[in-house]
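1. Predicted coordinates and the sequence they were generated for:
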Amino acid sequence: MPKPQPDWLTDFAAAVERDDAPAALALLEERATPHAGTPEAADKRAAAATALRVLGDRPDDLLRWLRWLAGQTSPTAKEIVALLVPHTYDRHPGEARKWLLRLCDDGNWEVREWAAGALGELLDKRFDEMYPLLAGWAAHPSQFVRRAVVVAAKEAVKARRPDRCEPLFRLVEPLLGDRAEEVRRNLGPFAVGGGFLRAYPQETLARVRRWAESEDEMVRWNAAMVFVAAEAAKHVDAALEVLSALASDRRRLVWQAVASALRNLAKRQPERVAPVLRTWLDDERKLPAALALRGTSPRSS
């Protein structure tokens, strides 16, 4: 038998049913945690699913409710908007794009997370329609909006569709030289290392080899940081090949990224990585190699 839903969710559904959006939002906001200031993710997802269930056969009422939420300053209201937009996009594509752009640039980091997730869901579901929009947003003045493009691309690669591999690389590659903290922190180590490398391993490694040949230190930083991700441990030989080419770069940004990647590889595959790094200690690659070896166990250093 299905579990009975919590009392608060029953009351939430009743508020939605009687078209009392302020009461429904208040019930959800009462679930806010002291740490985040908003309800837990499971509660927000349950609330969004309940709204869809109650108003699913009343699309005009659902859209009106969504518009009311979009006009609120509450982070919780904004997060529910992000959760609902992919399910209601057909009825208000213009509004939905405006809302998503605003939410991706919101002052609250958690709202930005939910908005980027919604953007990724829409990119996956409506690839041909959303792709040109995100390609334009990749040049947006806000680093938060550009960052949302990167996160959305990571979400879209999960489908592992071969026909999307090249377009998704073209979407994120213009951002490789982006120095904004929000963009670079989410590009090489997160989207590429944690997403593209898992979905398209050989294509990603070929791309990263090309990035490592760039003269731009930020592009080279991203190439190195791909191998910080746990997924890189499956590609140690390729990683060492790329990082070896980058390890002699005297620019601090680059060699520190190389050291970070080597340290992570050495921790995950010490028997394979540490002996190689010890051979680097006698040449121009010694600085990142030495830093990486400091983090390995005595047995492997």
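-> Cool, got the structure. Worth saying up front: this structure is predicted, and the values here are computed from it rather than measured. Numbers count the residues shown, from 1 in each chain.

2. Can you point out the buried residues in stretch 162-170?
-> 164-165, 168-169 (16 or more other CB atoms under 10 Å). Any C-beta I mention is one placed from the backbone N, CA and C, and that applies to glycine too.

3. pLDDT below threshold where in the protein?
-> Applying pLDDT under 70 to the chain flags the ranges 1-4, 295-301.

4. and with 90 instead?
-> Scanning the chain for pLDDT under 90 picks out the ranges 1-7, 34-37, 56, 294-301.

5. Could you single out the nearest of the buried residues of stretch 162-170 to Phe144?
-> For these, the closest approach to Phe144 (CB to CB) belongs to Leu168, at 20.3 Å.

6. Ala257 versus the closest one, what's the distance?
-> Distance of Leu168 to Ala257, computed by CB to CB, to the nearest Å: 23 Å.

7. now Ala49
-> On the measure of CB to CB, Ala49 and Ala257 end up 41 Å apart.

8. okay, these two: which has more neighbours?
-> Ala257 (29 against 14; other CB atoms under 10 Å).

9. contacting residues for that one?
-> Counting by CB atoms under 8 Å, 6 or more residues apart in numbering, Ala257 makes contact with 220-221, 224-225, 246.

10. element containing it, please.
-> In this structure, Ala257 sits in helix 252-268 according to DSSP states H and E.

11. about what we covered before: which of the contacts of Ala257 has the most neighbours?
-> Ala224 (31 neighbours).

12. After whatever helix or strand it lives in, which helix or strand is next?
-> Ala224 belongs to helix 217-225 when assigned by DSSP H and E. Moving toward the C-terminus from helix 217-225, the next helix or strand (DSSP H and E) is helix 236-246.

13. got the buried residues for that following helix?
-> Within helix 236-246, the residues that qualify as buried are 236, 238-240, 242-246, counting by 16+ other CB under 10 Å.

14. now the residues you listed as TSV including distance to Phe196?
-> Shown next, in TSV, are those (distance: CB to CB, whole Å):
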residue	distance to Phe196
Val236	18
Ala238	14
Ala239	14
Leu240	19
Val242	14
Leu243	18
Ser244	21
Ala245	20
Leu246	18
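
15. quick one: which of these is nearest to Gly194?
-> Using CB to CB, Ala239 comes nearest to Gly194 of those, at 14.3 Å.

16. mind listing what the closest one touches?
-> Applying CB under 8 Å, 6+ apart to Ala239 gives the contacts 227, 232, 261, 265.

17. how about 10 Å then?
-> By CB atoms under 10 Å, 6 or more residues apart in numbering, the contact set of Ala239 is 197, 205, 208, 224, 226-228, 232-233, 261-262, 264-265, 269, 273.

18. One more: Gln202?
-> Each residue near Gln202 by CB under 10 Å, 6+ apart is listed here: 165, 235, 238.

19. is it true that the first one touches Gly195?
-> No. Cys165 lies out of contact with Gly195 (CB atoms under 10 Å); the separation is 11.7 Å.

20. so what sits against both of the two?
-> With CB under 10 Å, 6+ apart, Cys165 and Gly195 have common neighbours 157, 204.

21. residue boundaries of the helices in the stretch 51-200 of the chain?
-> For the stretch 51-200 of the chain, applying DSSP state H, counting those that start in this stretch gives helices covering 59-70, 75-88, 93-104, 109-125, 127-137, 143-157, 162-172, 181-186, 197-199.

22. most tightly surrounded among those?
-> Sort the helices of the stretch 51-200 of the chain by mean neighbour count, taking mean count of other CB atoms under 10 Å, and helix 143-157 sits at the top with a mean of 25.

23. Once you drop chain neighbours, what's closest to His140?
-> Of all residues not flanking His140 in the chain, Arg146 sits nearest, at 5.7 Å (CB to CB, 6 or more residues apart in numbering).
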